[in-house]
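Let me see the structure of the following:
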Amino acid sequence: MGLQIAQVDLLHETSRIVSSDMALDDVLKELIRMAAEVTGCDACLVYLVEAAGDIVLRASQLPHSSEIGSIRLKLGEGITGWVAAHKSVVALPDKAASDKRFKGFPALVEDTFEAFLSVPLVSGGGTIGVINVHHKQPHTHSAEQVALLSFMGEQMGGAIARWRVMDENARLQEEALDIRRQLEARKLVERAKGILQAKYNLTEEQAYLRLRGESRRLRRPMRDLAEAIILAEDVITSSSTAVPPVLRDLDLVDGAEHYSSMAG
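Next up is the predicted model:
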């Protein structure tokens, strides 16, 4: 009955996390917090399986800022890789480093601890990560602790998989937006170069060098300078007058004299 009650409590907690708008890193921190509460461990690590198959350290109870994202294992490598490959729990009450599957990392003090419990994070029948729990002193993990941690791995696995998809989609959208910005900036620079070429009889290379030189001198992005040149040309063309004062007020190119200096 105690185990059932604990599972119900964990289900409520995981439901709260799954229905929240937390970022993936915050979800992993919550997972570590719950694992520590369930097992009373001295350290907890979470690894996630990447698309290429590598198992990468993504979160830690102890501070490991340099190791997060850099410590990697192949599927089947070390106890962590074995758990991921076999989708099975490994519980070692003492001398964890003596296990023939063990692979240690000098940067992880956890690898010097005695007891070790490793549980897969599963989603859709596959392993998407591994939770590792460490105790400094020998510790026999009870059947209840193993069951609760396994329950968490099952409940949180699908949620973490969905969060990773959302993070990846957001990253791809940001990359697409960045590419679009770069293309727009390139079009503006090309148009500005064309204006300078036609107005001052410059070659394409000369026009580009003038743009780049002014961009560096004024410490303004080439896109901003190109936009100012295009706007000034449009105003001059439409009004057949000199650059109007409003452009100087906008301080787009430090006044018409800088625009005119492109020819010099």
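
where do the strands sit along the stretch 1-150 of the chain?
43-49, 55-60, 72-73, 90-92, 115-123, 126-135 (DSSP state E, counting those that start in this stretch).

Now do stretch 80-88: distance to the chain's middle.
Centroid separation for stretch 80-88 versus its chain: 25 Å, with C-alpha atoms, centre = their mean, to the nearest Å.

any weak-confidence spans in the stretch 1-150 of the chain?
In the predicted model, the stretch 1-150 of the chain carries pLDDT under 70 at residues 1-7.

can you map out the helices along the stretch 1-150 of the chain?
Per DSSP state H, counting those that start in this stretch, the stretch 1-150 of the chain carries helices over the ranges 2-18, 24-39, 78-86, 143-200.

so which of these comes closest to residue 128?
helix 143-200 (5.0 Å; C-beta to C-beta). Heads up, the C-betas are built off the backbone N, CA and C, glycines and all.

between the closest one and strand 126-135, how big is the angle?
Going by axes from the mean of the first three to the mean of the last three C-alpha atoms, to 10 degrees, helix 143-200 is angled at 120 degrees with respect to strand 126-135.

need the next SSE after helix 143-200, C-terminal direction.
Per DSSP states H and E, helix 143-200 leads on to helix 204-218 as the next helix or strand towards the C-terminus.

Just the mean pLDDT for that next one, thanks.
Helix 204-218 shows a mean pLDDT of 88.

when you give positions from now on, start the count at 36
Will do, 36 is the new start, and the previous item becomes helix 239-253.

Check which helices and strands that helix sits against.
helix 178-235, helix 257-274, helix 291-296 (3 or more C-beta pairs under 8 Å, 6 or more residues apart in numbering; DSSP states H and E).

Looking at these, which is nearest to residue 144?
helix 178-235 (21.1 Å).

How far away from the center of its chain is that closest one?
With C-alpha atoms, centre = their mean, you get 9 Å for helix 178-235.

which residues sit in contact with residue 59?
195, 198, 199, 201, 202 (C-beta atoms under 8 Å, 6 or more residues apart in numbering).

Show me which of those residues are buried.
Among those, the ones that count as buried by 16 or more other C-beta atoms under 10 Å are 195, 198, 199.

which residue packs closest to the second one, ignoring adjacent ones?
Yep, that's residue 198 we're talking about. Leaving aside its sequence neighbours, residue 198 sits nearest to residue 59 (C-beta to C-beta, 6 or more residues apart in numbering; 4.4 Å).

Same list, the helices of the stretch 36-185 of the chain, but as a markdown table with distance to residue 101 please.
What follows is the helices of the stretch 36-185 of the chain, written out as a markdown table (distance: least, C-beta to C-beta, whole Å):
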| stretch | distance to residue 101 |
| --- | --- |
| helix 37-53 | 27 |
| helix 59-74 | 16 |
| helix 113-121 | 19 |
| helix 178-235 | 22 |
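
Hmm, residue 112 is touching residue 137, no?
No: contact criterion C-beta atoms under 8 Å: residue 112 and residue 137 do not qualify, at 10.6 Å.

From residue 263, how far out is residue 217?
19 Å (C-beta to C-beta, to the nearest Å).
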